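Colleague: okay, predicted coordinates and the sequence, questions at the end:
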Amino acid sequence: IVEGGDDHQALFVEAIPLYCRDRKEFQADTPFIFLSPQAPAGRFWDSKDMPEFVVGLIEQIQRDYPVDPDRIYLTGLSSGGSGVWRIAIDHPEIFAAIAPISGRAVEPDRVATALKHVPVWMAVGGNDGDFLKAANQMLDALKKGNCDARLKVVPGFSHVIWDQAFLDRELYQWFLTHRRYGAAARGKSPGTPAATTSPSGDAANAADAAHSANAAHGAAANHPPAANNPDAADASPEAADANRQTNDANRPAADANREAAAAKLLAEARALRAAGKTIEAYRDFRKIALQYEGTPAADAATSAIVNIEAEPSFAEAYKNFGDEESARQMLDIAHNYARNNRPDLARKSLEKVTAIWPHTQAATVARDELNRK
């Protein structure tokens, strides 16, 4: 979509910044400071000079906000996923863990040595061709070096797996189980539990050094910083603790609301299943299991997923549906750009839908919209 520039509204098109703004469940479950930088115009995240750019931003955020230096995590999508490799290989001493999503292979001959003490979580679409090969190449290199690495393949999907990757609560729980190598010897670090930088390629998570420090759940540029509460102006460690205590007190009500929302979605998915719309129901069951893990509805959805996957005709039907779903996500991105008065980026996204998934219904919609423009 865009690889760089200074359009801060592009921050909200997809992935983590969008979830920070629009998804209350995501806000409640991710106690991080999110730093979402944007590559300078004409530059790419896996360029050899980009690590110093990101490291400089992290150092600035550490000066301005109560960041725990032993729990800084790095993630990114598409060319941002490639950038995660580049940055972490050059500066493994900074990160507690990393999560490259849909990235290319970067220096597989160096990665195991560089990331010997940095756990790695990868995700890629099962139909993502060269990117799937790249993920397996990096996994093999890490495993040969006895590194802590895992790969999650999203079956039936091509390149656009942002929701499947970044709405997976297990990823953030996994992050928080890791501290930077040597942290125990250094003792307890003050500050907010974690900071995550999220370089993005396909969706420029737009923020520069002056605007990108958006504390947890306040990811919009120019929102006041906070530890867990976007309205809090004081970013001291004491304020962070107070905000966490407030969130803990509100947790029972939030959990009840979350379970009610999950139950409602479960009823809708079951209705789709009863109406013979198996693939649509399967998609919704997966959404419930992913976003509402730990609820009774998520347990029921997981059982439904197992039953559907056992059906003989499921595999081929889901392969086709996965392409449709990926195309639909990209179409939604195009519409978000249009709503944010970025017709150039909207058109580019529509063209990508027609080029990558030409036989889908979403591509038909995209072609119609391109012909009207």
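Modeller: Cool, got the structure.

Colleague: residues contacting the closest residue to H159 other than its chain neighbours?
Modeller: Leaving aside its chain neighbours, H159 sits nearest to D128 (5.2 Å; criterion: C-beta to C-beta, 6 or more residues apart in numbering). In short, each C-beta sits where N, CA and C put it, glycine included. Applying C-beta atoms under 8 Å, 6 or more residues apart in numbering to D128 gives the contacts 102, 157-159, 161.

Colleague: pLDDT at the spatially most central residue of the chain, what is it?
Modeller: In the chain, the C-alpha nearest the mean C-alpha coordinate belongs to F166, at 3.0 Å (C-alpha atoms, centre = their mean). pLDDT, F166: 87.

Colleague: by mean pLDDT, which helix or strand of this structure comes out lowest?
Modeller: strand 213-214 (a mean of 32; mean pLDDT, DSSP states H and E).

Colleague: check what pLDDT the residue nearest to H159 gets.
Modeller: As predicted, D128 sits at a pLDDT of 89.

Colleague: could you check how far it is from I161?
Modeller: Per C-beta to C-beta, to the nearest Å, D128 is found 8 Å from I161.

Colleague: between these two, which contacts overlap?
Modeller: S102.

Colleague: for the record, mean pLDDT for the host helix or strand of L151?
Modeller: Per DSSP states H and E, L151 falls inside strand 149-154. Per-residue pLDDT values across strand 149-154 average out to 93.

Colleague: which elements pack onto that strand?
Modeller: In terms of contacts (3 or more C-beta pairs under 8 Å, 6 or more residues apart in numbering; DSSP states H and E), strand 149-154 is packed against strand 120-125, helix 129-144, helix 162-166.

Colleague: tell me which of the ones you listed is the most buried.
Modeller: Of all those, strand 120-125 carries the top mean neighbour count, a mean of 25, counting by mean count of other C-beta atoms under 10 Å.

Colleague: what residues are up against N136?
Modeller: L151.

Colleague: list of residues touching stretch 263-279?
Modeller: Contacts of stretch 263-279 from elsewhere in the structure, counted by C-beta under 8 Å, 6+ apart, are 280-281, 284-285, 287-288, 292, 295-297, 300-301, 304, 308, 311, 314, 317-318, 321.

Colleague: returning to that earlier point: now do the strand holding L151: distance to the chain's middle.
Modeller: 14 Å (C-alpha atoms, centre = their mean, to the nearest Å).

Colleague: quick one: work out the angle between that strand and helix 129-144.
Modeller: Between strand 149-154 and helix 129-144, the angle comes out at 150 degrees (axes from the mean of the first three to the mean of the last three C-alpha atoms, to 10 degrees).
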